[in-house]
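quick one, what's the 3D model for this:
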Amino acid sequence: MRTLLLLTALTTLAFATAGCGDSPSTPAAAADGLGDTTQHGAPRVAAPMAFANTAKKPCTLLTEAQLKTLGMPGVEGVAGGGDTGPMCDWDDTPGNSGQRVGFTFTKGNGNGGLDRVYELKSTFQLFELQAPIQDYPTLLNAPKDDRMKGACTLVVGITDDQILTTTIQMRTTPKPAERAFEPCVVAREAADLALTSIRSGG
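Model (predicted):
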């Protein structure tokens, strides 16, 4: 638990405090004439999500049926918050799946969303653009690239100034999880499920 919380905090705090669809697609031009990309080159979100209701209850991001899809039936989510934003965490690292899944509605200080992540990309060892999920832009980012240690952080732009951060930690020892060294595959699957929940809950 401590490892995942630290990874989430390092990634999201760097974003939040530093300025106190599975196939590639091109975001539509913004209706306000600002263009397809933000000031620092991030793709604009063509269809912003209504997420306020879900952010109030972040543990509704994964239903029991969705947890079964991830191989984590019966695992209870634990809600949290603080400087980084509302979050929920499902820890099954000692269990059958050997994985931990966390989501954070990452806040920005008046300059949020993917634009802030792009602005700070030189501070991340891991910064890799990914194919959109449900037509929402995504990327991998983290202060350290720990994918071979079973860790992955994936961010999804759900509005131009809001991201959903998905953080995965897989058990690598003593008995590695089935997909111990595929944490980013699990991150995409989990994020896809969470986006579906946001669409349903608003």
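
in the protein, where is pLDDT below threshold?
Along the chain, segments meeting pLDDT under 70 span 1-34, 108-111, 202.

for T69, list the residues it contacts.
E189, L193 (Cβ atoms under 8 Å, 6 or more residues apart in numbering). All C-beta spots, glycine's among them, are computed from the backbone N, C-alpha and C.

swap in P183?
Per Cβ under 8 Å, 6+ apart, neighbours of P183: Q99, R147, G150, A151, C152, I168, Q169, M170.

would you map the helices across the chain?
Ranges of helices within the chain are 2-17, 52-56, 64-69, 113-119, 183-201, based on DSSP state H.

you'd agree T106 is up against D83?
No - T106 is beyond contact range of D83, at 10.1 Å (criterion: Cβ atoms under 8 Å).

more neighbours: which of the two?
The residue with more neighbours, out of T106 and D83, is T106; 24 against 11, by other Cβ atoms under 10 Å.

please name the bridge partners of that one.
I163 (DSSP bridges).

likewise for A142?
L126.

look up how far F51 lies from it.
Using Cβ to Cβ, to the nearest Å, A142 is found at 23 Å from F51.

over to G95?
Counting by Cβ to Cβ - G95 and F51 are separated by 29 Å.

now I163
From I163 to F51 the distance is 10 Å (Cβ to Cβ).

tell me which of the two has more neighbours.
I163 (33 against 21).

hmm, back to that, now, the most widely separated pair of the contacts of P183?
Largest separation among these by Cβ to Cβ: Q99 and R147, giving 13.8 Å.

quick one, which of those two is more surrounded?
Q99 (27 against 20).

just checking, the more buried one touches R171?
Yes - using Cβ under 8 Å, Q99 is in contact with R171, at 6.9 Å.

what's the overlap in contacts for those two?
T93, A177.

need the contact list for A194.
Counted by Cβ under 8 Å, 6+ apart, A194 has contacts L61, L62, F103, L164, T166.

actually E64, not the one I typed
E64 neighbours (Cβ under 8 Å, 6+ apart): P73, G74.

relative to N141, how far out is it?
Counting by Cβ to Cβ - E64 and N141 are separated by 30 Å.

ok, for K107, nearest residue in space, not its chain neighbours?
With sequence-adjacent residues excluded and distances taken as Cβ to Cβ, 6 or more residues apart in numbering, K107 is closest to G85, at 4.2 Å.
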